[in-house]
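Q: Sequence plus the predicted model coming up.
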Amino acid sequence: MSKHRSSFSSSIGFVLAAAGSAVGLGNIWRFPYLAAEGGGGLFLFIYIGLALTFGFTLLMSEVAIGRKTKNSCLTAYKHMDKRFGWLGGFASVIPFLILPYYCVIGGWVMKYAFSFIIGQGATAAEDNFFTGFITGNSEPIIYTVVYLLLTAIVVYRGVNKGIEAMSKVLMPILFVLIIGISIYSLTLNGGEKYDNRTGMDGFLYYIIPNVDGMGVGDILKVVMSAMGQLFYSISVAMGIMVTYGSYFRDKDNLVKSVNRIEIFDTVVAFLAGVMIIPAVYVFLGPEGMSGGPGLMFIAMPKIFAQMGVAGTVFGIIFFLMVLFAALTSSVSLLEAVVSGMVDKGMGRKKSTIIETVIALVIAVVVCLGYNLLYFEFKLPNSENPGQILDILDYVSNNIMMPVLAIGTCILIGWITKPKAIIDEATKNGERFFRKHLYTAMVKFVAPVLLFILLLGSFGVY
Ligand code: PHE
């Protein structure tokens, strides 16, 4: 099997593809919003600390499992230890469940990008535009189908001609666009109408630690929210990094590449804050920040509408950028599912078509969750009622992902022993500075932290 296995043609191709998966909607909207809510600089500081320890450990483990076994997520765990083969089932079901609803959200992003491109940004800023759109009959389904087909084409073309080629183009563009909007955001000046608030004030609000009135309990809450965000952001526990790791060449430096993925992901998340927070601060004031993660589709269009002509240009750039970020993530989800089928002997093209059709059916059901199949469901981790999308999200993200990550830590920490991963990462004589830290993290700290995260999903705290 491994003889014909595809591989990324360079470590930079791998880093961009993996960073493409990691950089997604979570970085662009959720990170800035959590940072603003979690005391600005305090959150940033905690997040970076966790990324260097907890995040590094999980990412390292998965990529190394993939490269060592040369198997995608479905069968890789079995090759590490027979008794842990069930983790492969989990690792394949998770992307299978996420893909359909991620494509629905991708469809929403496309709708917004399209609205701005045809000069209808002002309409998109109207009250109820978002709700009106997602509860519509056919439009959300059409956008979802187009989005899913775009994703499928990339995976159909394969690891090199599809995933690697796309990432090498879209990721650098995304980076340039985000820097461009960040600079613009920093130079904003609200004038009299907006109490002379400036982009720079917003930036300071974002980065200066604000611990006023925070007790130990509040700080712990920030730690937990930073950890949950990090866990989601680096795309671990979804089968993706194991699968991409299996395409990573033996001669390339794994430790360096893992570090680069993390740096890329964290820098983009930080820049998303530089781009969004000053703009929200100037136009909506500090209160605008507490709107919740779902407001990417509501607050941002309103801000662009207030910017006049510049708003149209920035609206187009913003939603295109979000679209690129989402596409590279949905491609990685589809690839994680398809690669398992390929390892089982089915051709790539056939596997892609079959899984795309299944995802399409589920995605249509998700769309109808706001229309024909509307109902309200109370989930343990949220105040607001959820629909089908929220249920899929809850089961995969909040329950299955922590369980898979805990299982992986037990497998590596206690069964194969961390040395198996360290040896894999240093087999060409590479340096692994954080060896001891890695061992302690994977055996003790990470599983405990993940268990606490899981308790939070059950609404225990
Ligand atoms: N890591 C992505 C983000 O931060 C989320 C993601 C979800 C990626 C699903 C791949 C698959 O937004």
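A: That came in fine, so what should we check first?

Q: On the three-state scheme, the spatially closest residue to residue 87 that is not a sequence neighbour is what?
A: Nearest non-adjacent residue to residue 87, counting by Cβ to Cβ, 6 or more residues apart in numbering: residue 77, 4.0 Å away. C-betas here are computed from N, CA, C, even on glycine. State at residue 77, reduced to three classes by DSSP: H, G, I helix; E, B strand; the rest coil: helix.

Q: burial of residue 77, as a residue count?
A: 27 (other Cβ atoms under 10 Å).

Q: Now do it, the pLDDT please.
A: Predicted confidence (pLDDT) at residue 77: the value is 98.

Q: Contact partners for it?
A: Residue 77 makes contact with 65, 84, 85, 86, 87, 88, 91, 242, 408, 411, according to Cβ atoms under 8 Å, 6 or more residues apart in numbering.

Q: Give the buried residues for the helix or strand that contains residue 361.
A: For residue 361, the element it lies in under DSSP states H and E is helix 348-368. Using 16 or more other Cβ atoms under 10 Å as the test for burial, helix 348-368 gives 348, 351-352, 355-356, 359-360, 362-368.

Q: what do you get for stretch 403-416?
A: For stretch 403-416, by 16+ other Cβ under 10 Å, it's 403, 404, 405, 406, 407, 408, 409, 411, 412, 413.

Q: How about stretch 335-346?
A: In stretch 335-346, residues buried by neighbour count (16+ other Cβ under 10 Å) are 335, 336, 337, 338, 339, 340, 341, 342, 343.

Q: Ok, stretch 141-153 next?
A: 141, 143, 144, 145, 146, 147, 148, 150, 151, 152.

Q: which among those gets closest to the ligand?
A: residue 151 (11.0 Å; Cβ to the nearest ligand atom).

Q: ok so, going back, what subset of the buried residues of stretch 141-153 is also close to the ligand?
A: Among the buried residues of stretch 141-153, no residue lies close to the ligand (Cβ under 6 Å from any ligand atom).

Q: Do you have the strands of the chain handy? List them.
A: When secondary structure is read from DSSP state E, the chain shows strands at 377-378, 385-386.

Q: same for the last one, what does it pack against?
A: So that's strand 385-386. With contacts taken as 3 or more Cβ pairs under 8 Å, 6 or more residues apart in numbering; DSSP states H and E, strand 385-386 sits against strand 377-378.

Q: who does the strand it packs on pair up with?
A: Its sheet considered, strand 377-378 pairs with strand 385-386 (antiparallel) by DSSP bridges.

Q: Pull up the gap between residue 128 and the ligand, please.
A: Residue 128 sits at a distance of 26 Å from the ligand (criterion: Cβ to the nearest ligand atom, to the nearest Å).

Q: sorry, back to before: which among the buried residues of helix 348-368 gets closest to the ligand?
A: When the buried residues of helix 348-368 are compared against the ligand (criterion: Cβ to the nearest ligand atom), the nearest one is residue 359, at 12.9 Å.

Q: quick one: contacts for the nearest residue to residue 117 once chain neighbours are set aside?
A: In this structure, residue 117 finds its nearest non-sequential neighbour in residue 316, 5.6 Å apart by Cβ to Cβ, 6+ apart. Contact partners of residue 316, counting by Cβ under 8 Å, 6+ apart, are 113, 116, 117.

Q: How much space separates the last one from residue 298?
A: Meaning residue 117. Computed with Cβ to Cβ, to the nearest Å, the distance linking residue 117 and residue 298 is 19 Å.

Q: Just want to know which of those two has more residues nearby.
A: Taking other Cβ under 10 Å, residue 117 and residue 298 do not tie; residue 298 has more neighbours (17 against 14).

Q: Was I right to think that one contacts residue 130?
A: Yes: between residue 298 and residue 130 a contact is recorded at 5.4 Å, counting by Cβ atoms under 8 Å.

Q: could you dump the contacts of residue 316 to CSV with distance to the ligand?
A: CSV is the format used below for the contacts of residue 316 (distance: Cβ to the nearest ligand atom, whole Å):
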residue, distance to the ligand
113, 17
116, 21
117, 23
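
Q: what's the spacing between residue 428 and the ligand?
A: In terms of Cβ to the nearest ligand atom, residue 428 sits 29 Å off from the ligand.

Q: Kindly report the same for residue 455.
A: The value you get for residue 455 to the ligand, if Cβ to the nearest ligand atom is used, is 22 Å.

Q: what's the nearest residue to that residue if we skip its chain neighbours?
A: residue 461 is the one closest to residue 455 (Cβ to Cβ, 6+ apart), at 6.6 Å.

Q: Output the set of residues of the stretch 1-150 of the chain in proximity to the ligand.
A: 21, 22, 24, 25, 26, 27, 98, 102.

Q: Helices - which of those residues land there?
A: Members of those lying in helices (criterion: DSSP state H): 21, 22, 25, 98, 102.

Q: The residues you listed into TSV, with extra columns for distance to residue 425?
A: Shown next, in TSV, are these (distance: Cβ to Cβ, whole Å):
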residue	distance to residue 425
21	20
22	19
25	30
98	28
102	30
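
Q: burial of whichever residue of the stretch 301-450 of the chain sits closest to the ligand, as a residue count?
A: For the stretch 301-450 of the chain and the ligand, the shortest gap (Cβ to the nearest ligand atom) falls at residue 329, measuring 3.7 Å. Using other Cβ under 10 Å, residue 329 has 25 neighbouring residues.

Q: what does residue 173 give?
A: The tally of other residues near residue 173 (other Cβ under 10 Å) stands at 12.

Q: Isn't it up against residue 324?
A: Yes: judged on Cβ under 8 Å, residue 173 makes contact with residue 324 at a distance of 6.6 Å.

Q: thought residue 392 was touching residue 99?
A: No: using Cβ under 8 Å, residue 392 makes no contact with residue 99, being 9.7 Å away.

Q: Show me which of those two is the more surrounded one.
A: Set residue 392 next to residue 99 and count neighbours by other Cβ under 10 Å: residue 99 wins out with 30 against 22.

Q: contacting residues for the closest residue in space to the residue of the stretch 301-450 of the chain closest to the ligand that isn't next to it in sequence?
A: Nearest residue to residue 329, sequence neighbours excluded (Cβ to Cβ, 6+ apart): residue 24, at 3.8 Å. Residues near residue 24 by Cβ under 8 Å, 6+ apart: 233, 235, 325, 326, 328, 329.

Q: ok, so what distance separates the residue of the chain most remote from its centre from the ligand?
A: Using Cα atoms, centre = their mean, the residue of the chain lying farthest from its centre is residue 192. It sits 38.1 Å away. Residue 192 is 38 Å from the ligand, where distance means Cβ to the nearest ligand atom.

Q: cool, residue 300 as well?
A: Distance from residue 300 to the ligand, by Cβ to the nearest ligand atom: 16 Å.

Q: residues near the closest residue in space to that residue that isn't next to it in sequence, how many?
A: Excluding the flanking residues, the one nearest residue 300 by Cβ to Cβ, 6+ apart is residue 318, at 6.5 Å. The local packing of residue 318 (other Cβ under 10 Å) involves 27 other residues.

Q: Which pLDDT value does the model give residue 318?
A: In this model, residue 318 carries a pLDDT of 96.
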